[in-house]
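Q: pasted the sequence and its predicted model underneath.
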Amino acid sequence: MTNKTVLVTGASRGIGAAAVREFASAGYNVVLAARSAGQINDLASEIGPQAIAVPCDVSRYKDVTEAVRVAIDSFGTLDAVINNAGVIDPVAMLSQSDPDAWSKVIDINVKGVYYGLRAALPHMQNGGVIVNISSGAASGALEGWSHYNASKAAVLSLTKTAENETPDNIRVVGLSPGTVATEMQTIIKNSGVNVVSQLDWSEHIPAEWVGKALVWLCSEDAAEFRGEDVSLRDPEIRRSIGLQS
């Protein structure tokens, strides 16, 4: 896995930061893209010269294209993209939701993934893997999450469409992690809305598990998975990655 480069969006914390560390440990060059410049700069410094931080708001296409440019200019190749950036706040019932806030979630969760695909695919002629972070919400809508449900359903459709359009040497796949012990779960918990907010913190998996799953999905060991969501809730998938059940 050495001499490969991965671009991770939403890399400042949670799943994104865990993914960056796992990819770096696997020998990848890593490009950290996120709005929180200070946090990604600190993480890149922690990792060393194989890591570069790029301030990036995924709701702006020019920011995403710049992150792709930096990856290629810095390391000469782009072999994997993790479209991870996503938000769920504010949680609200449809009848009480704020239209501007609802639209902003779509800008990040849907347009951000589209921009990642659009910016990266023309530069991956030598092959590679794109993983879109999905959710069980893509097919199982929960109350209070209309923005998140709709966005993840759209991401699943983008994953399927991209896989249908790409050559055999490029794989596009989704990862549905389940509930993960990150800031997003704190937001959900504080909302008090739907069954997920009632889960005990111990029921959420660590972000490091998701990072390991992402590295595995970008390897030949997961070459069979294309154009679909892979669920990290699946015990067989966990065993394939080497995670405890």
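A: Cool, the structure landed.
Q: contacts and neighbour counts: CA atoms only from here.
A: OK.
Q: and after the helix or strand of the chain with the lowest mean pLDDT, which helix or strand comes next?
A: When the helices and strands of the chain are compared on mean pLDDT, DSSP states H and E, helix 183-191 comes out lowest with a mean of 89. Counting by DSSP states H and E, the next helix or strand C-terminal to helix 183-191 is helix 207-217.
Q: who's in contact with that next one?
A: With contact meaning C-alpha atoms under 8 Å, 6 or more residues apart in numbering, helix 207-217 is reached by 14-16, 18-23, 26, 82, 131, 175, 177, 180-182, 222-223, 225, 232, 241, 243.
Q: weed out the non-buried ones from the residues you listed.
A: 14-16, 18-23, 82, 131, 175, 177, 180-182, 222, 225, 232, 241 (16 or more other C-alpha atoms under 10 Å).
Q: most distant residue from the middle of the chain?
A: Here the chain reaches farthest from its C-alpha mean at residue 95, the gap being 29.2 Å by C-alpha atoms, centre = their mean.
Q: same question for the longest helix along the chain, mean pLDDT?
A: In the chain, taking DSSP state H as the definition, the longest helix is helix 146-165. On average, the pLDDT along helix 146-165 is 97.
Q: now what about the strand or helix carrying residue 132, what contacts it?
A: Element membership for residue 132 (DSSP H and E) is strand 128-133. Outside strand 128-133, the residues within contact range by C-alpha under 8 Å, 6+ apart are 78-84, 113, 117, 155, 159, 169-177, 214, 217-218.
Q: hmm, back to that, what separation do you get for the residue farthest from the centre of the chain and residue 102?
A: Distance of residue 95 to residue 102, given as C-alpha to C-alpha, to the nearest Å: 12 Å.
Q: dump the residue contacts of the residue most central in space within the chain.
A: Nearest to the geometric centre of the chain sits residue 84, at 1.9 Å (C-alpha atoms, centre = their mean). With contacts defined as C-alpha under 8 Å, 6+ apart, the neighbours of residue 84 are 8, 9, 10, 11, 15, 16, 132, 133.
Q: surely the third one touches residue 31?
A: It refers to residue 10. No: here residue 10 lies out of contact with residue 31, judged by C-alpha atoms under 8 Å, at a distance of 10.9 Å.
Q: more crowded one of the two?
A: Applying other C-alpha atoms under 10 Å to residue 10 and residue 31 shows that residue 31 carries more neighbours, namely 30 against 24.
Q: so what's the residue count around residue 170?
A: 21.
Q: give me the pLDDT value at it.
A: 98.
Q: so how far is residue 116 from it?
A: Residue 170 is 14 Å from residue 116, by C-alpha to C-alpha.
Q: one more: residue 83?
A: Taking C-alpha to C-alpha, one finds residue 83 at 6 Å from residue 116.
Q: from what I can see residue 149 touches residue 134, true?
A: No: counting by C-alpha under 8 Å, residue 149 stays clear of residue 134, with 10.1 Å between them.
Q: more neighbours: which of those two?
A: Counted by other C-alpha under 10 Å, residue 149 and residue 134 do not tie: residue 134 has more neighbours, with 28 against 21.
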